[in-house]
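Peer 1: my questions concern the predicted model and sequence given below.
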Amino acid sequence: MGLTVGEIAALTGAELRNGACLDHVITNIAPLDRAGPSDLAFLDTAKYAAALTSTQAGACLTTERFERQAPSGLNVLRAQEPYRAFVDVARKLYPNALLTRECLQLASSMRQHPGFATLVEMARVWTRLADELAALQRQQVQPKREA
């Protein structure tokens, strides 16, 4: 499953930079410095702005402030709150992985309940399984390299 850049713009309310490829498919999320062509990254602070100039990401959510620093071929989506928009996309790409983290947070707030330890352990197991599934999905998307 993936989302096109156009779908990400519609989901987040982000504005596209001129020349953005609306049908470019994004299947994963990654930090700017490790992102590849099918990954979405975000930038909302000057601390990581240097990574924007050399990113290989397929798309990046950022503010108008950093847009000019982005490589010309990068699909840039301008958002007022890039991190919040990034989380919205991550929830759409990996609904089960994020759901289990929410369950863990809920379980943490229920410390007085007699079944608390079991509930927390179950949430941790499901989180690990979701992370492993996401890793397997990323491996399947990666092109095979010939020796």
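Peer 2: Sure, I can see it.

Peer 1: excluding its backbone neighbours, what's nearest G58?
Peer 2: Using C-beta to C-beta, 6 or more residues apart in numbering and skipping the chain neighbours, the partner closest in space to G58 is P37 (4.7 Å). (Each C-beta comes from the backbone N, C-alpha and C, glycine too.)

Peer 1: how's this protein carved up into domains?
Peer 2: 3-92, 94-141 (automatic domain parsing).

Peer 1: so for the last one, mean pLDDT?
Peer 2: This points to domain 94-141. Averaged across domain 94-141, the pLDDT comes to 60.

Peer 1: just confirm R34 is within a strand.
Peer 2: No. Assessed with DSSP: H, G, I helix; E, B strand; the rest coil, R34 is coil; it does not lie in a strand.

Peer 1: for it, what are its contacts?
Peer 2: By C-beta atoms under 8 Å, 6 or more residues apart in numbering, the contact list for R34 is empty.

Peer 1: do the same with the one 4 residues further on
Peer 2: Residues touching S38, when contacts are defined by C-beta under 8 Å, 6+ apart, comprise G2, V25, I26, T27, N28, G58, V141.

Peer 1: hmm, 7 Å instead?
Peer 2: Contacts for S38 (C-beta atoms under 7 Å, 6 or more residues apart in numbering) come out as V25, I26, T27, N28, G58, V141.

Peer 1: what sits against the closest residue to the fourth one other than its chain neighbours?
Peer 2: Distances taken as C-beta to C-beta, 6+ apart put D39 closest to N28, at 4.9 Å, once the chain neighbours are dropped. Contacts were defined as C-beta under 7 Å, 6+ apart; by that measure D39 touches I26, N28, I29, A30, A57, G58.

Peer 1: any idea how far D39 is from A20?
Peer 2: 16 Å (C-beta to C-beta, to the nearest Å).

Peer 1: now do T4
Peer 2: In terms of C-beta to C-beta, T4 sits 11 Å off from A20.
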